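In: Sequence first, then the predicted structure:
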Amino acid sequence: MSIRTAEEYELEIAELKARIALTIEGEPGEQRYYVHDNTRGYVGNCMVWWKHNDAGYVCDITEARKFTLAELHHLDADDLLAYPVGYINDRVRCHIDMQSVDFKAGLKMPLPKNETTVLPKVTQ
């Protein structure tokens, strides 16, 4: 595993934002909104969003449904908050889901002094 440069990180963020933009539905230029469920709220520090096809809720913003203003008028739950897509997309951050990490792949710290460190073998 290598440490990413700031430029690589910014490129990854730009690519993620481009992926998000590809999921926009409707007329070009029409304002869209992500709907946050304020009751279910958060998983860790990730916000929970209404999913595409009304299939529950997700943390992954690329799977979140984008509503028109007209569609928002049909939602009558008082625990929902609608945010403009652009506002949320400007705040996208990459993170690692701990459920996908094999902790045996990590090196126990502190490392032994004056010994050769052998990295553990981990399957991808």
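Out: Sure, I can see it.
In: Now do the helices for the protein: every range, in order, please.
Out: With helices called from DSSP state H, the chain shows them at 6-21, 69-72, 85-89.
In: helices and strands around the first one, which ones?
Out: Judged by 3 or more C-beta pairs under 8 Å, 6 or more residues apart in numbering; DSSP states H and E, helix 6-21 is in contact with helix 85-89. C-betas here are computed from N, CA, C, even on glycine.
In: Give me the neighbour count for Tyr34.
Out: A total of 21 residues lie near Tyr34 under the criterion other C-beta atoms under 10 Å.
In: Bridge partners for it, pull those for me.
Out: Using DSSP bridges, the bridge partners assigned to Tyr34 are Tyr83.
In: All further residue positions should be reported with the first residue as 347.
Out: Sure, I'll start numbering at 347, so the last one becomes Tyr380.
In: who touches it in this structure?
Out: 395-396, 407, 410-413, 428-429, 431, 434 (C-beta atoms under 8 Å, 6 or more residues apart in numbering).
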